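Just a sequence and a predicted model for now, questions to come.
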Amino acid sequence: TPPQQIRNFCIIAHIDHGKSTLADRMLQITGVVSDRDMRAQYLDRMDIERERGITIKSQAVRMPWQVDGETVALNMIDTPGHVDFTYEVSRSLAACEGAILLVDAAQGIEAQTLANLYLALENDLTIIPVLNKIDLPAAEPEKYAKELADLIGGSPDDVLRVSGKTGAGVEDLLDRLVQEIPAPVGDADAPARAMIFDSVYDAYRGVVTYVRMVDGKLSPRERIQMMSTGANHELLEIGVSSPEPVPTKGLGVGEVGYLITGVKDVRQSKVGDTVTNARKPAAEALAGYTDPKPMVFSGIYPIDGSDYAELREALDKLKLSDASLQYEPETSVALGFGFRCGFLGLLHLEIITERLSREFGLDLITTAPSVIYEVLTSDTGETVTVTNPSEYPDGRIGSVSEPMVKAAILLPKDYVGTVMELCQSRRGSLLGMEYFSEERVELRYNMPLGEIVFDFFDQLKSKTQGYASLDYEPSGSQEADLVKVDILLQGEKVDAFSSIVHRDKAYAYGTMMAERLRKLIPRQQFEVPIQAAIGARIIARETIRAIRKDVLAKCYGGDITRKRKLLEKQKEGKKRMKMVGRVEVPQEAFIAALSGD
Ligand code: GTP
């Protein structure tokens, strides 16, 4: 297809504003998916995506659309909407010339609407503003058309109104895409340069790599080269998704499609990398390749220790399709053998743990999420990178710095006071406040990431009855008065409960954990002190009183089968006991203490 007959676009929206539903409707109206085959959210292939209604991995589809008797190939590139996947969003955007800015006509602009819009503007995309869900009785298109026009310039009349559900306005939208989005430009005679915007592992075909051609041409059977690593592969298949894969004789300037080389690991085909011809490589890669870095770390342990090997296998499998997932073996006194895992953010963590339990049937326990601390020890003058509180250096500490983020929170003005209090209590410093309309306000804060991963989003939602939305981006690191609080059972450290917290919050954390454990750990034959400590200094203490446990005392009379059953049960329970020094702790107690139940 010549570039003049191609339009590459994506849909950017806040979560739940209806991106997938609209995409489905477009597939149906352009006829690439028959009504019969239509199932809700065709593009969200992973079960977990469909169930949770979120888009994790981007996909591309080619749809034919006729305007003025000419057929144009519309390439729709689906982008993930969540902050954790900003890097993937920005790569998908870089593959397009235009973007539909989709806003729920009953909700208005939200935090991710803005974050994605700014990314699109950085990529010089033509923005087509669209209000969705106009069929809803609660829709207020007039009001939000004005909000959108104020945000991006132009008149409220230029804002299209559609319903992904009923299909109203969708044909007009397709026409507008062809008319307003510029056709791609590139040098057809130059060595090939194609940007990888997604890489998906397929159990049958290996890695399927989605690319946007910028210059030149790629053809089947030729050798291609990944510019970041120099790795060479034979191109076994090249084609377009429509939305099922259709092999073609090649891809030229401006086209969007997929490549298959037979590699089995997405790390060999990285999002953001440039593909070129191996025989005649391009001199320079396309801009913008970075390795996404994990920001949030957590220990993942099988509840049943014998599942360890299975857990490793499951992580290996997930890694094939998710290059950003990191893990290494770790052992814990309280939890046994497991893995320390690095994630892009909290949602990423949730998705991975959910996939592990759902797709691999594993029962897991995850430790409280932690961020990356840089600890300067004053004894040796070394800087230690700590992603696990139990690795925190013991000697004297010079300084500790923690990762910071710029957070943007959009909320109705009635909640401004409550949310400011919450942000203050999380050590946020206010950067700015802006009114988007009479009742909607944006608050911008500089805040430690460590405070955000600790249950901030849930607090924000519950304090605003679900009306606030949050987006954040890394903004370097900052020194802070942080300490490690250890929890000790009869003088023995329980590693899974060590936590790095601000000095002002150390006491509260210590007493909370000590109290929790006192309630959860059964009495022993001797007294057990539970202490919270910063280094050698005890900051809180609880005591589990001694008891002589005699299960048989509860049985009256001589019902021997009942007695035997009780003894059996007690033995069963013992198997799951962990020893911390001399103290026997049922694993359930650790799990409950970690999950805060
Ligand atoms: P993410 O993939 O998480 O970003 O969500 P999304 O933006 O793809 O939203 P999705 O298409 O899953 O829609 C979210 C909810 O809104 C679903 O319950 C849809 O049924 C509903 N919805 C989407 N479009 C419309 C619409 O035009 N009208 C009405 N009434 N509901 C809609």
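On my side now, so go ahead. Residues are numbered from 1 along each chain as shown.

and residue 593, which of the three is it?
Taking DSSP: H, G, I helix; E, B strand; the rest coil as the rule, one finds residue 593 in the helix state.

in the stretch 451-597 of the chain, which ranges drop under the pLDDT threshold?
548-577, 595-597 (pLDDT under 70).

contacting residues around the residue in it that the ligand sits nearest to?
The ligand sits closest to residue 469 of the stretch 451-597 of the chain, with a gap of 12.1 Å, by Cβ to the nearest ligand atom. Where C-beta positions appear, they are placed from N, C-alpha and C, glycine not excepted. Shown in contact with residue 469 (Cβ atoms under 8 Å, 6 or more residues apart in numbering): 14, 110, 111, 112, 409, 410, 411.

Same check on residue 427?
Counted by Cβ under 8 Å, 6+ apart, residue 427 has contacts 447, 448, 451, 480, 502.

just the buried members of those?
Those of the contacts of residue 427 that meet the buried threshold are 447, 448, 451, 480, 502, by 16 or more other Cβ atoms under 10 Å.

Strands - which of the contacts of residue 469 land there?
Among these, the residues falling in strands (DSSP state E) are 409, 410, 411.

Bridged to the closest residue to residue 237 other than its chain neighbours, which residues?
Nearest non-adjacent residue to residue 237, counting by Cβ to Cβ, 6 or more residues apart in numbering: residue 260, 4.2 Å away. Beta-bridge partners recorded for residue 260 (DSSP bridges): residue 208, residue 237.

All further residue positions should be reported with the first residue as 7.
Got it, first residue is 7 now, which makes that one residue 266.

How about the host helix or strand of residue 360, which residues are buried there?
Using DSSP states H and E, residue 360 falls within helix 352-366. Under the neighbour-count criterion of 16+ other Cβ under 10 Å, helix 352-366 has 352, 353, 354, 355, 357, 358, 359, 361, 362, 366 buried.

What about residue 391, how many residues nearby?
9 (other Cβ atoms under 10 Å).

Specify the local secondary structure of the closest residue to residue 162 other than its chain neighbours.
Using Cβ to Cβ, 6+ apart and skipping the chain neighbours, the partner closest in space to residue 162 is residue 151 (3.9 Å). With three-state DSSP as the basis, the three-state label of residue 151 is helix.

For the protein, give the helix that spans the most residues.
Looking across the chain with DSSP state H, the single longest helix is helix 509-526.

Hmm, residue 77 is touching residue 11, no?
Yes. Here residue 77 reaches residue 11: they are 7.0 Å apart, a contact under Cβ atoms under 8 Å.

can you tell me which residues contact residue 333?
Per Cβ under 8 Å, 6+ apart, neighbours of residue 333: 306, 321, 325, 345, 346, 347, 348.

does residue 390 have beta-bridge partners, and which?
residue 381.

got a pLDDT number for it?
Residue 390 is assigned 91 on the pLDDT scale.

ok, now which ones touch it?
Applying Cβ under 8 Å, 6+ apart to residue 390 gives the contacts 380, 381, 382, 383, 397, 399.

Distance check, the first one against the ligand.
Distance, residue 380 to the ligand, by Cβ to the nearest ligand atom, to the nearest Å: 34 Å.

go on, the third one?
Distance of residue 382 to the ligand, given as Cβ to the nearest ligand atom: 41 Å.

which residue sits closest to that residue, ignoring its sequence neighbours?
Nearest to residue 382 is residue 404, by Cβ to Cβ, 6+ apart, at 4.0 Å.

C-terminal to the strand or helix carrying the one you found, what's the next element?
Assigned by DSSP H and E, residue 404 belongs to strand 403-418. Going down the chain from strand 403-418, the next helix or strand is helix 422-431, by DSSP H and E.

who touches that following helix?
413, 415, 417, 436, 439, 447, 449, 451, 453, 462, 465-466, 469-470, 474.

Check stretch 173-181 too.
For stretch 173-181, using Cβ under 8 Å, 6+ apart, the contacting residues are 28, 31-32, 34-36, 71, 73, 80, 106, 134, 136, 140-141, 166-170.

Closest to residue 337 out of the contacts of residue 390?
When the contacts of residue 390 are ranked by distance to residue 337 (Cβ to Cβ), residue 397 comes first, at 12.4 Å.

after the lowest-mean-pLDDT helix or strand in the chain comes which helix or strand?
Least confident helix or strand, the chain: helix 53-58 with a mean of 49, by mean pLDDT, DSSP states H and E. Counting by DSSP H and E, the next helix or strand C-terminal to helix 53-58 is strand 66-73.

which secondary structure elements does that next one contact?
Helices and strands touching strand 66-73, by 3 or more Cβ pairs under 8 Å, 6 or more residues apart in numbering; DSSP states H and E, are helix 25-35, strand 76-83, helix 176-186, strand 243-247, strand 262-266.

And the second one, what's buried?
Across strand 76-83, burial judged by 16+ other Cβ under 10 Å covers 78, 79, 80, 81, 82, 83.

The second one and residue 8 touch, don't they?
No. With the criterion set as Cβ under 8 Å, residue 79 and residue 8 do not qualify as a contacting pair; they are 9.8 Å apart.

what about the helix or strand following the helix holding residue 360, average pLDDT?
Using DSSP H and E, the helix or strand that follows helix 352-366 in sequence is strand 370-372. For strand 370-372, mean pLDDT is 88.

Strand 370-372 packs against which elements?
strand 302-308, helix 352-366, helix 593-601.

and that strand, which residues are buried?
Quick answer for strand 370-372 (16+ other Cβ under 10 Å): 370, 371, 372.

Please enumerate the strands of the stretch 457-603 of the chain.
475-486, 488-495, 498-499, 505-508, 534-540, 543-550, 583-586, 589-592 (DSSP state E, counting those that start in this stretch).

could you dump the ones you listed to TSV with distance to residue 99?
Shown next, in TSV, are those (distance: least, Cβ to Cβ, whole Å):
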stretch	distance to residue 99
strand 475-486	15
strand 488-495	36
strand 498-499	47
strand 505-508	35
strand 534-540	46
strand 543-550	49
strand 583-586	49
strand 589-592	50
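
quick one, which of the ones you listed is packed in tightest?
Most buried of the strands of the stretch 457-603 of the chain by mean neighbour count (mean count of other Cβ atoms under 10 Å) is strand 488-495; its value is a mean of 22.

Name the residues that touch that one?
Residues outside strand 488-495 that contact it (Cβ under 8 Å, 6+ apart) are 379, 395, 398, 406, 408, 499-500, 503-509, 512, 515-516, 519-520, 523, 527, 534-541, 545, 586-587, 589, 591.

Report the inter-axis angle for it versus strand 543-550.
Relative orientation of strand 488-495 and strand 543-550, computed by axes from the mean of the first three to the mean of the last three Cα atoms, to 10 degrees: 30 degrees.

Figure out how far strand 488-495 is from the centre of its chain.
Relative to its parent chain, strand 488-495 has a centroid offset of 29 Å by Cα atoms, centre = their mean, to the nearest Å.

Which neighbours in the sheet does it have, and how are they oriented?
In its sheet, and by DSSP bridges, strand 488-495 pairs with strand 498-499 (antiparallel), strand 505-508 (antiparallel), strand 534-540 (antiparallel).

mind putting the ones you listed in TSV, distance to the ligand included?
TSV is the format used below for the strands paired with strand 488-495 (distance: least, Cβ to the nearest ligand atom, whole Å):
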stretch	distance to the ligand
strand 498-499	41
strand 505-508	32
strand 534-540	40
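
Output those as CSV; include the columns distance to residue 203.
Shown next, in CSV, are these (distance: least, Cβ to Cβ, whole Å):
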stretch, distance to residue 203
strand 498-499, 46
strand 505-508, 36
strand 534-540, 47
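
How about the backbone phi and psi for residue 320?
The phi and psi torsions at residue 320 (degrees, to the nearest 10) take the values phi -60, psi -40.

low-scoring stretches of the stretch 57-206 of the chain, by residue?
57-64, 86-90.

follow-up on the earlier one: report all helices and strands that the helix holding residue 360 contacts.
By 3+ Cβ pairs under 8 Å, 6+ apart, helix 352-366 packs against helix 53-58, strand 302-308, helix 314-327, strand 342-349, strand 370-372.
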